[in-house]
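Trainee: Predicted model, plus sequence, below.
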Amino acid sequence: MTGNTQATTPILVLGGTGKTGRRVVQRLRARGIPTRLGSRSAQPPFDWDDRSTWAPALDGVKSAYVSYYPDVAVPGAAETVAAFAKLAVNSGVPRLVLLGGRGEAEAERVEQAVRASGADLTIVRSTWFAQNFSEDYMLEHVLSGEVTLPAGDTPEPFVDADDIADVAVAALTDERHIGQLYELTGPRLLTFAAATAEIAKAAGREVRYVPVSVEEYAAAAAEQGVPGEVIDLLAYLFSEVLDGRNAHLADGVQRALGREPRDFADFARDAAASGVWDAAPMSIRPSERSSA
Ligand SMILES: NC(=O)c1ccc[n+]([C@@H]2O[C@H](COP(=O)([O-])OP(=O)(O)OC[C@H]3O[C@@H](n4cnc5c(N)ncnc54)[C@H](OP(=O)(O)O)[C@@H]3O)[C@@H](O)[C@H]2O)c1
């Protein structure tokens with residue numbers, strides 16, 4: 001391939017409209033690097049549940065950022081992601097950057113399976129995203145005034161999705177990251193109560209943390225009509241990773257980027273400034289029963 005062709009060959013970003021993928025795409029585009037989004041709404045569409053969409057998405061790309069949906073901890077994720085990695089390698093796209101999950105058995109099976117595909121791999125193994133509170137299911141909790149989770153008082157070193165994207169982009173654009181496993185955390189351990197307090201302070205609204213059991217959490221979610229498979233996934237995640245096994249810091253951001261990770265307080269300040277927590281309080285209070 002000539003230098004010119006290389007410069008116009010896109011990088012495939014799976015989950016390119018999601019929390020990390022969107023940021024990866026923004027950064028690559030800002031550097032003038034062409035990207036191809038890989039998701040159901042992209043052209044060509046990419047669907048993890050429809051393998052016939054995989055080859056067209058891989059056609060003519062030079063590397064790929066692989067974030068699996070819904071979660072690398074879901075039983076069966078390893079087989080699916082491994083099949084994608086094998087296809088990528090066999091299609092001449094061996095350079096993969098995989099987003100993994102920290103402290104999850106199935107997520108580690110995903111890493112091993114992708115490694116076994118023979119890919120030129122960088123693993124970005126991440127802990128809980130701070131952005132779960134602003135761009136995912138915990139946003140509703142913040143807006144309702146109660147973050148109701150079966151997380152007890154286990155501390156978690158929340159990581160900023162901006163740091164994840166910075167590491168992923170470094171890996172996608174510099175071959176020296178091939179073969180590396182970067183375990184990413186923020187710089188500080190925070191209980192969910194402390195994280196909620198930081199959000200409340202930054203957002204200037206009343207939000208409190210309400211610890212519940214996994215069973216209470218699942219029952220309240222079912223009452224609100226949350227689909228069964230989503231409840232199962234969340235219950236699995238909470239029982240799997242919030243038993244203290246992740247309650248320590250890692251140095252992946254420092255090793256990959258040569259700088260400190262962003263602090264949760266910086267995340268909370270920026271998210272508050274974006275207005276995402278400005279909506280009126282929500283009437284649904286999932287924890288009403290359990291907090292009574
Ligand atoms: N949240 C955390 O705290 C955390 C921590 C560690 C690891 N992780 C891992 O992060 C990964 C998710 O990354 P993310 O949070 O950046 O993504 P995300 O915000 O969950 O975004 C979802 C993306 O996936 C696409 N998508 C949805 N269904 C799809 C399907 N069937 N096939 C293909 N694409 C689909 C969506 O676009 P369309 O709707 O257009 O398809 C969107 O681009 C998971 O593997 C999870 O295990 C998360």
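Mentor: Noted; the coordinates are in hand. No experiment lies behind these values; they were computed from the predicted model shown.
Trainee: Quick check: the residue of the stretch 151-292 of the chain nearest the ligand.
Mentor: Ala161 (6.9 Å; C-beta to the nearest ligand atom). Every C-beta, even on glycine, is put in place using the N, C-alpha and C of the backbone.
Trainee: ditto for the chain
Mentor: At 2.1 Å from the ligand, Gly18 is the closest residue in the chain, using C-beta to the nearest ligand atom.
Trainee: Which stretches in the protein count as helices?
Mentor: Per DSSP state H, the chain carries helices over the ranges 3-8, 21-30, 54-58, 77-90, 105-116, 132-135, 138-144, 161-173, 192-203, 214-223, 228-241, 252-257, 264-274, 288-291.
Trainee: so does the third one get close to the ligand?
Mentor: No: residues of helix 54-58 contacting the ligand under C-beta under 6 Å from any ligand atom: none, with a closest distance of 9.4 Å.
Trainee: Let's test this: mean pLDDT of that helix, rounded?
Mentor: Per-residue pLDDT values over helix 54-58 give a mean of 98.
Trainee: Need the per-residue pLDDT for Ala82.
Mentor: Confidence at Ala82, expressed as pLDDT, is 98.
Trainee: I meant to write Glu135 there.
Mentor: In this prediction Glu135 is given a pLDDT of 97.
Trainee: Wait, it touches Val276, no?
Mentor: Yes: using C-beta atoms under 8 Å, Glu135 is in contact with Val276, at 7.5 Å.
Trainee: So which bits of the protein are right by the ligand?
Mentor: Going by C-beta under 6 Å from any ligand atom, the residues of the chain near the ligand are 15-21, 39-41, 46-49, 67-69, 71-73, 99, 101, 126, 128-129, 132.
Trainee: filter these to the buried ones?
Mentor: Neighbour counting over the residues of the chain next to the ligand (16 or more other C-beta atoms under 10 Å) leaves 15-16, 18-21, 39, 46, 48, 67-69, 71-73, 99, 101, 126, 128-129, 132 as the buried ones.
Trainee: circling back: list the contacts for the residue of the chain closest to the ligand?
Mentor: Neighbour list for Gly18: 39, 67, 69 [criterion: C-beta atoms under 8 Å, 6 or more residues apart in numbering].
Trainee: Mind doing that once more with 10 Å?
Mentor: If a contact means C-beta atoms under 10 Å, 6 or more residues apart in numbering, then Gly18 has 24-25, 39, 67, 69, 99, 131, 135-136, 161 as its contacts.
Trainee: Lowest pLDDT pick from these?
Mentor: Asp136 (92).
Trainee: which residues touch it?
Mentor: With C-beta under 10 Å, 6+ apart, Asp136 has these contacts: 18-19, 129, 161.
Trainee: same check, this time on Trp128
Mentor: 101-102, 138, 151, 156-159, 185-186, 190, 192, 195, 237, 241-242, 246.
Trainee: Model confidence score at Thr5, please.
Mentor: 60.
Trainee: Could you do Ala279 as well?
Mentor: At Ala279, pLDDT is 84.
Trainee: Which pLDDT value goes with the closest residue in space to it that isn't next to it in sequence?
Mentor: Using C-beta to C-beta, 6 or more residues apart in numbering and skipping the chain neighbours, the partner closest in space to Ala279 is Leu143 (5.3 Å). Per-residue pLDDT puts Leu143 at 96.
Trainee: Could you list the low-pLDDT ranges of the chain?
Mentor: 1-6, 282-292 (pLDDT under 70).
Trainee: Kindly reformat the helices of the chain as CSV containing distance to Pro281.
Mentor: Shown next, in CSV, are these (distance: least, C-beta to C-beta, whole Å):
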stretch, distance to Pro281
helix 3-8, 49
helix 21-30, 27
helix 54-58, 41
helix 77-90, 36
helix 105-116, 35
helix 132-135, 16
helix 138-144, 6
helix 161-173, 25
helix 192-203, 11
helix 214-223, 18
helix 228-241, 22
helix 252-257, 35
helix 264-274, 16
helix 288-291, 13
